[in-house]
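S.K.: Would you be able to build a 3D model of this:
(one chain, ligands or ions: 1)
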Amino acid sequence: MLLNGTGLALVRGGRLLFEGLDVSLDRGGGLHLTGPNGAGKSSLIRVIAGLLRPTAGAIERPAVALADDHLSLDRELSLRRALGFWNVPKLNGALDALDLSRLADVPVRLLSSGQARRARLARVLASDAPLWLLDEPFNGLDASSGERLRLAIDRHRKTGGAVVIASHQPLADSWQEMVLSG
Ligand SMILES: Nc1ncnc2c1ncn2[C@@H]1O[C@H](COP(=O)(O)OP(=O)(O)OP(=O)(O)O)[C@@H](O)[C@H]1O
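M.R.: Purely as a prediction, here's the structure:
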């Protein structure tokens, strides 16, 4: 098993967001976190990433790559050099997959908001982490970028990776859905 969390609970801002939660994923697996705003999807992703300590429970995880709104890229560097700050062994393939190659030499500060979002996703695609954690990855992407991302995610799962996505958008049947109710 790639990811195994058992009995997870989290209190945040004085509120119990979830308790007794089990999450597990095998290689090739996909977990889709859904639920209303504030239900705790992003918080659970941060628990899985190891950035938030759960109030109860235990978690075993492999190396993870997280894409959310927090990744900082040096705005003065070119996209390629800014991403190069991270562990990105598959950078060229990732830039290609998200149609960012022609922007590789452009300073990060000149990217549009959708291009910057794709850049944060490219960091994940370029990593060699088996577990991808994607918080609302389709937000702000145009249709063709969304499709490119879907293909990259499918490819990652088919080659033995696993993916957790928090998203309000429907996903295909191959995703195991977990509804958080807050
Ligand atoms: N840094 C923080 N400190 C305290 N409480 C927080 C913090 N960040 C988020 N929360 C609270 O935790 C709860 C869950 O937030 P979270 O961002 O996990 O929800 P979500 O399900 O991802 O929501 P959305 O669909 O809006 O993205 C909310 O009530 C939020 O106010």
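
S.K.: so is Asn4 in a helix, a strand, or just coil?
M.R.: Assigned by DSSP: H, G, I helix; E, B strand; the rest coil, the conformation of Asn4 is strand.

S.K.: hang on, it packs against Gly57?
M.R.: No - Asn4 is not in contact with Gly57 according to C-beta atoms under 8 Å; the separation is 10.7 Å. Backbone N, C-alpha and C define where each C-beta goes, glycine included.

S.K.: Give me the more crowded residue out of these two.
M.R.: Gly57 (18 against 14; other C-beta atoms under 10 Å).

S.K.: quick one: that one from Val179, how far?
M.R.: Per C-beta to C-beta, to the nearest Å, Gly57 is found 18 Å from Val179.

S.K.: which residue ranges form the strands in this protein?
M.R.: For the chain, the strands defined by DSSP state E occupy 3-12, 15-25, 30-34, 56-60, 64-67, 131-135, 162-166, 176-179.

S.K.: Make TSV out of these and add distance to Pro107.
M.R.: Listed next are the strands of the chain as TSV, based on distance: least, C-beta to C-beta, whole Å:
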stretch	distance to Pro107
strand 3-12	36
strand 15-25	37
strand 30-34	34
strand 56-60	38
strand 64-67	21
strand 131-135	25
strand 162-166	30
strand 176-179	39
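
S.K.: Between those, which one is closest to the ligand.
M.R.: Checking the strands of the chain against the ligand by C-beta to the nearest ligand atom gives strand 3-12 as the closest, at 4.2 Å.

S.K.: what's the angle from the closest one to strand 15-25?
M.R.: Counting by axes from the mean of the first three to the mean of the last three C-alpha atoms, to 10 degrees, strand 3-12 lies at 170 degrees to strand 15-25.

S.K.: pLDDT at the residue most central in space within the chain, what is it?
M.R.: Of all residues in the chain, the one closest to the mean position by C-alpha atoms, centre = their mean is Leu134, 1.8 Å from it. If you check Leu134, the pLDDT there is 97.
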